[in-house]
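S.K.: using only what follows, build the 3D model:
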Amino acid sequence: ETSSDGKEWRFRLRAGVRFHDGTPLNAQAVHFCLMRLLDPTHPYAVRGAMGVARAIFGDEREENGAFVKDVRTPDPQTVVFVLSRPDFGLLRRLARLETAVLSPTAIQTASSEGGTTIVGTGPMRIKSIRDGFSLVLERNEVYWGGLAEIKELEFRGVPDPNERERALREGLCEMGQRFSPARLKELEEAKELQLWRGEAMHGCVLWLNTRMAPLDQAGVRQALALALNRRGCVDMVLKGYAVPAGQFFPPAIGDASTSPVLPLARDVARSRELLAQAGFADGFTLKLLIPREERVWNPGSAEVGQWVANELTEVRIQVIQELLPSEAMRERIASGDFQAALWGLSSSSGEIADYLAQAARWSPKGTLDPQIQQALAPYLAKLRETREPLERCQVVDGIEEMLSDFMPWVPLFYAQQVLVVRRQLENVVLNPLGLHHLWTWRWQ
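M.R.: Numbers count the residues shown, from 1 in each chain. Next up, the predicted model:
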């Protein structure tokens, strides 16, 4: 329940629920887990928790940043959040993995005995863990919501895609993922397999250093966006396992716009016109960083970088490609030591503001261009204060239009989730955040 001014959020807990170790799930347990994030002096504080807490509950280092004043427990089954200002994105953020309510007993025991803290209340419970190799779940026989369809489930780490494919084809496992687009096309034809596809929160973008000439000119950045055939990239490079980006935010985000602000096909003539107006009729040289590895936001890997380079030659831009490990790229981007990069953005909560916060984090020197930040501020304030879905969508439409004018980055595509499963597996429903409801799956 929320108060009319949006400053008080009251959660009533289901009675009689217990964690897998028998500890009661009550308001004190919820408070314990939240304080591990909010209070760096908490005896069981999560390592690096302040970064997570700032992303969810606001940054105390910014003016009007932190907005959670208090977390109260008026009775054993009630938790109340008291806010300094309304923020209707809070509910989605509370559903992030980092805020999972775990057994306080398990947390306290694990810290002294080296055990696991992953003890929740859900329909599956941990049976065993082998770090880096295997995680086995078993059915929670006393789950309040009914028994899971699957009695036992094992997740196994198999880095080699050839081995993953062999295991699937030979029936050594029922599900696999993280295959290249070309290999997925082949697996689609296997009679014993099926592909389950779903939306995701990951965007692959052409990340631009707006502080480095000539990318400090909005017209040049817009010219780059117009020179790229997004639909062609999805069809040819990604074999259809992505959505071309007509907007700045993934369609899977609930408030995202459905009206494209970017053309899916390229407009070479307009791109050249904008470059000429900026003084680059003969083009220029662009240095592009590309990750060596396939990423969840870019299953096409270096092929996408090559596609960008090929497309930009049509507007007389010569691309110099530099392949780097992802960690090295991360350091270069964070320090501003780059001109352009093939990079990824995502929202771990399904909230527009979190997608933008990640963009700000990866901008050179740690912030977006001050002019862009200033333009964004009133939209973000309005989004925090707006409860109605239709009104929130209208605010996001305004953000899309503003970003298309500034073009701080160029959206390319939104990668899909793809699971390859044996045909006997049923009831596979994919969650956009990757939090799939495994307990509903059935094996024929």
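S.K.: alpha carbons only for contacts and neighbour counts from here, please
M.R.: Fine.
S.K.: show me the helices in this protein, by range?
M.R.: Ranges of helices in the chain, per DSSP state H, are 27-38, 49-57, 90-94, 104-113, 161-169, 181-188, 218-226, 230-236, 268-277, 302-312, 326-335, 352-362, 370-385, 389-406.
S.K.: what residue ranges in the stretch 301-444 of the chain score low on pLDDT?
M.R.: For the stretch 301-444 of the chain, applying pLDDT under 70 flags the ranges 364-368.
S.K.: same question but for the stretch 101-250 of the chain, I mixed them up
M.R.: For the stretch 101-250 of the chain, the ranges with pLDDT under 70 are 111-115, 132.
S.K.: same thing but 80
M.R.: 111-116, 131-132 (pLDDT under 80).
S.K.: picking that back up, any chance of the helices of the chain in CSV, plus distance to G146 and mean neighbour count?
M.R.: Converted to CSV, those look like this (distance: least, CA to CA, whole Å; neighbours: other CA atoms under 10 Å):
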stretch, distance to G146, mean neighbour count
helix 27-38, 23, 20
helix 49-57, 31, 19
helix 90-94, 24, 16
helix 104-113, 24, 15
helix 161-169, 30, 16
helix 181-188, 34, 16
helix 218-226, 50, 24
helix 230-236, 41, 20
helix 268-277, 58, 18
helix 302-312, 45, 19
helix 326-335, 43, 16
helix 352-362, 34, 19
helix 370-385, 36, 15
helix 389-406, 32, 17
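S.K.: now those helices as JSON lines including distance to E294?
M.R.: Listed next are those as JSON lines, based on distance: least, CA to CA, whole Å:
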{"stretch": "helix 27-38", "distance to E294": "32"}
{"stretch": "helix 49-57", "distance to E294": "26"}
{"stretch": "helix 90-94", "distance to E294": "28"}
{"stretch": "helix 104-113", "distance to E294": "35"}
{"stretch": "helix 161-169", "distance to E294": "12"}
{"stretch": "helix 181-188", "distance to E294": "11"}
{"stretch": "helix 218-226", "distance to E294": "23"}
{"stretch": "helix 230-236", "distance to E294": "15"}
{"stretch": "helix 268-277", "distance to E294": "29"}
{"stretch": "helix 302-312", "distance to E294": "8"}
{"stretch": "helix 326-335", "distance to E294": "10"}
{"stretch": "helix 352-362", "distance to E294": "19"}
{"stretch": "helix 370-385", "distance to E294": "31"}
{"stretch": "helix 389-406", "distance to E294": "28"}
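S.K.: between these, which one is closest to H202.
M.R.: helix 352-362 (9.5 Å; CA to CA).
S.K.: for the closest one, packing partners?
M.R.: helix 326-335, strand 340-346 (3 or more CA pairs under 8 Å, 6 or more residues apart in numbering; DSSP states H and E).
S.K.: the ones you listed: which one's closest to R139?
M.R.: The nearest among those, by CA to CA, is strand 340-346 at 31.6 Å.
S.K.: flag every buried residue along the closest one.
M.R.: For strand 340-346, burial by neighbour count (16 or more other CA atoms under 10 Å) applies to 340-346.
S.K.: that strand pairs with which strands, and in what direction?
M.R.: strand 202-208 (antiparallel), strand 285-291 (parallel) (DSSP bridges).
S.K.: return the member of the buried residues of strand 340-346 nearest to G198.
M.R.: S346 (15.3 Å).
S.K.: next, the contact list for the residue nearest to that closest one when sequence neighbours are not counted, please.
M.R.: Once flanking residues are discounted, S346 sits nearest to H202: 4.5 Å by CA to CA, 6 or more residues apart in numbering. Neighbouring residues of H202 by CA atoms under 8 Å, 6 or more residues apart in numbering: 250, 296-297, 344-347, 414-415.
S.K.: any idea how far G51 is from H202?
M.R.: 20 Å (CA to CA, to the nearest Å).
S.K.: please report how far the nearest residue to Q358 once chain neighbours are set aside lies from P159.
M.R.: Once flanking residues are discounted, Q358 sits nearest to L345: 6.7 Å by CA to CA, 6+ apart. Using CA to CA, one obtains 24 Å as the distance from L345 to P159.
S.K.: with I333 instead?
M.R.: From I333 to P159 the distance is 27 Å (CA to CA).
S.K.: now do S103
M.R.: 32 Å.
S.K.: those two - which one has more neighbours?
M.R.: Taking neighbours as other CA atoms under 10 Å, S103 and P159 compare with S103 leading, 26 against 10.
S.K.: was I right about the more buried one contacting F19?
M.R.: Yes: the pair S103 / F19 is scored as a contact, 6.0 Å apart, by CA atoms under 8 Å.
S.K.: so what sits against both of these two?
M.R.: 25, 119-120.
S.K.: with neighbour count and distance to F280 added, can I get those residues in a markdown table?
M.R.: Below are the shared contacts of S103 and F19 laid out as a markdown table (neighbours: other CA atoms under 10 Å; distance: CA to CA, whole Å):
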| residue | neighbour count | distance to F280 |
| --- | --- | --- |
| L25 | 23 | 64 |
| V119 | 21 | 59 |
| G120 | 21 | 58 |
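S.K.: just put these in a markdown table and tack on distance to Q318.
M.R.: Converted to a markdown table, the shared contacts of S103 and F19 look like this (distance: CA to CA, whole Å):
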| residue | distance to Q318 |
| --- | --- |
| L25 | 60 |
| V119 | 53 |
| G120 | 53 |
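S.K.: on that earlier part again, highest mean neighbour count out of the strands paired with strand 340-346?
M.R.: strand 202-208 (a mean of 25; mean count of other CA atoms under 10 Å).
S.K.: number of nearby residues for G246?
M.R.: G246: 23 neighbours (other CA under 10 Å).
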